[in-house]
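Peer 1: the sequence and its predicted three-dimensional model are supplied below.
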Amino acid sequence: LYGLLLEQADLPAETHDGHRVELLINAGLSAELEGVHSEVGDGVGLYRTEVPFMMRERFPSEHEQCQLYRSVLQMNPAKSITMRTLDVGGDKPLPYFTVTEENPFLGWRGIRMTLDHPEIFLVQVRAMLRASLGLDNLKIMLPMITTINEVNESKRLIRQAYYEVAEEAQLEGHTLSMPEVGVMLEVPAVIYQLPQLAAKVDFFSIGSNDLTQYLLAVDRNNARVSGLYDSYHPAVLKALKLIVEEAKRFNKPVTLCGELAGEPGGAILLLAMGYRKLSMNSFNLSKIKWVIRSLSMADAQLLLDEVLELEHPHQVRDRINRHLETLG
Ligand code: PEP
Ligand code: MG
């Protein structure tokens, strides 16, 4: 099998019937970025900037951040690297910035924290922009967006950082390109605000881990209710289908970057719904590419139609497993 996976390294992720899929990687640690050098993937769909923050004893300075981000962007200037602004809170505390809350997953997470601390946000965005001088593969992504106002405020700060860095760059004879800015779709409220969001951002990326947690009201890390946490729940599947249809209607690129994209069954359903960009842990990438290359989109669509009629996640799993067996 390993030989088979290696053989397909240079081949595109394309179904039998000619549907091409972009496969991107999720990363936080530098070791996870190794694959960016290779031909296997199409870039980084989610760079979790909080990971290097969590491994330090204090907030990294703008200079330190800039050096780190530059090393990431330079790994493969030909491939896009989507950097997510700091997504701490919830299950991701910073050792030097303690927050005590009764319901951390419903609390001061992601963009909520950084917009309350614009100095943290500005330092980070400036570092990203400085790091991208002379390159044009940076995209910026905002986590945990709930309201349009958060997007407006974030974009205002990004513009501010851009003018600061661009002015300095110009003095030194460089030009700075304005990166694309996108939002994560992971709070259910945004499903009902897609037209408004589409008018403000360049791309969407679904965080299916959090979207599942918040749609089902199940803590993603609580073992007692883990039986209920399931991205194959019919409501989650319907939400995912609605989002890709809306994204198409508004001509917005949409990626899915939760764990679901790295599961063979999940990837098949997502392709059938219309997703053409999947971002996953790098160790799943070859497997998913193999699944895509073994698949016919027409069959996947028939499977999806059947699955959408089912009532229980376990029925969905059984049905998908039967389909996977036919792929070999
Ligand atoms: C998600 O929520 O699906 C996601 C990709 O982000 P994280 O797992 O880092 O919250
Ligand atoms: Mg998330």
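Peer 2: Received the coordinates, thanks. Numbers count the residues shown, from 1 in each chain. Ligands and ions are numbered 1, 2, ... in the order given.

Peer 1: around ligand 2, pick out the residues from this protein.
Peer 2: 186, 207, 210 (C-beta under 5 Å from the ion). No exception for glycine: its C-beta is placed from N, CA and C like everyone else's.

Peer 1: let me see the contact set for the second one.
Peer 2: Pointing back at Gly207 there. By C-beta atoms under 8 Å, 6 or more residues apart in numbering, Gly207 lies in contact with 143, 184-186, 257-258.

Peer 1: can we see that at 6 Å?
Peer 2: For Gly207, the contact set (C-beta atoms under 6 Å, 6 or more residues apart in numbering) comprises 184, 186, 258.

Peer 1: any idea how far it lies from Leu270?
Peer 2: Taking C-beta to C-beta, to the nearest Å as the measure, Gly207 falls 14 Å from Leu270.

Peer 1: state the mean pLDDT of the longest helix belonging to the chain.
Peer 2: For the chain, the longest helix by residue count, based on DSSP state H, is helix 148-171. Across helix 148-171, the average pLDDT comes to 97.

Peer 1: the most centrally placed residue in the chain and ligand 1, how far apart?
Peer 2: Nearest to the mean C-alpha position of the chain, by C-alpha atoms, centre = their mean, lies Cys257 at 3.6 Å. According to C-beta to the nearest ligand atom, to the nearest Å, Cys257 stands 5 Å off from ligand 1.

Peer 1: quick check: phi and psi at that residue.
Peer 2: Main-chain dihedrals, Cys257, degrees, to the nearest 10: phi -120, psi 20.

Peer 1: ok, for it, nearest residue in space, not its chain neighbours?
Peer 2: Ser279 (3.8 Å; C-beta to C-beta, 6 or more residues apart in numbering).

Peer 1: switch the contacts of Gly207 over to JSON lines; also include secondary structure and distance to Gln193.
Peer 2: Shown next, in JSON lines, are the contacts of Gly207 (DSSP: H, G, I helix; E, B strand; the rest coil; distance: C-beta to C-beta, whole Å):
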{"residue": "Met184", "secondary structure": "strand", "distance to Gln193": "13"}
{"residue": "Glu186", "secondary structure": "coil", "distance to Gln193": "13"}
{"residue": "Gly258", "secondary structure": "coil", "distance to Gln193": "20"}
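
Peer 1: which of these are buried? Put it as a PyMOL command.
Peer 2: For the buried members of those, the matching PyMOL selection, counting by 16 or more other C-beta atoms under 10 Å, is:
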select buried, resi 184+186+258
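
Peer 1: among the contacts of Gly207, which one lies nearest to ligand 1?
Peer 2: Gly258 (3.2 Å; C-beta to the nearest ligand atom).

Peer 1: give me phi/psi at the closest one?
Peer 2: Torsion angles, degrees, to the nearest 10, at Gly258: phi -90, psi 180.

Peer 1: isn't it right next to Asp210, touching?
Peer 2: No: using C-beta atoms under 6 Å as the test, Gly258 is too far from Asp210 to be in contact (7.6 Å).

Peer 1: the bottom helix or strand of this structure by mean pLDDT?
Peer 2: helix 2-7 (a mean of 67; mean pLDDT, DSSP states H and E).

Peer 1: returning to what we had before: tell me the contacts of the residue nearest to the centre of the chain?
Peer 2: Neighbours of Cys257 in contact, by C-beta under 6 Å, 6+ apart: 26, 45-46, 205, 279.

Peer 1: secondary structure class for Tyr192?
Peer 2: With DSSP: H, G, I helix; E, B strand; the rest coil as the basis, Tyr192 sits in helix.

Peer 1: for Met141, same thing?
Peer 2: Met141 is classified as strand under three-state DSSP.

Peer 1: which parts of the stretch 101-250 of the chain are strands?
Peer 2: If DSSP state E, counting those that start in this stretch is used as the criterion, the strands of the stretch 101-250 of the chain fall at 138-142, 180-185, 203-206.

Peer 1: next, format the ones you listed as TSV and append mean pLDDT.
Peer 2: Shown next, in TSV, are the strands of the stretch 101-250 of the chain (pLDDT from 0 to 100):
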stretch	mean pLDDT
strand 138-142	98
strand 180-185	98
strand 203-206	98
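
Peer 1: just the CA trace of stretch 120-129, in PDB.
Peer 2: Output in PDB follows, covering the C-alpha atoms of stretch 120-129 (Å, rounded to 0.1, in the frame of the first residue of the first chain):
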ATOM      1  CA  ILE A 120      -2.000  41.500  20.200                       C
ATOM      2  CA  PHE A 121      -3.800  41.400  16.900                       C
ATOM      3  CA  LEU A 122      -1.900  44.300  15.300                       C
ATOM      4  CA  VAL A 123       1.500  42.900  16.300                       C
ATOM      5  CA  GLN A 124       0.600  39.500  14.800                       C
ATOM      6  CA  VAL A 125      -0.800  40.900  11.500                       C
ATOM      7  CA  ARG A 126       2.100  43.200  11.100                       C
ATOM      8  CA  ALA A 127       4.500  40.300  11.700                       C
ATOM      9  CA  MET A 128       2.600  38.300   9.000                       C
ATOM     10  CA  LEU A 129       2.700  41.200   6.500                       C
END
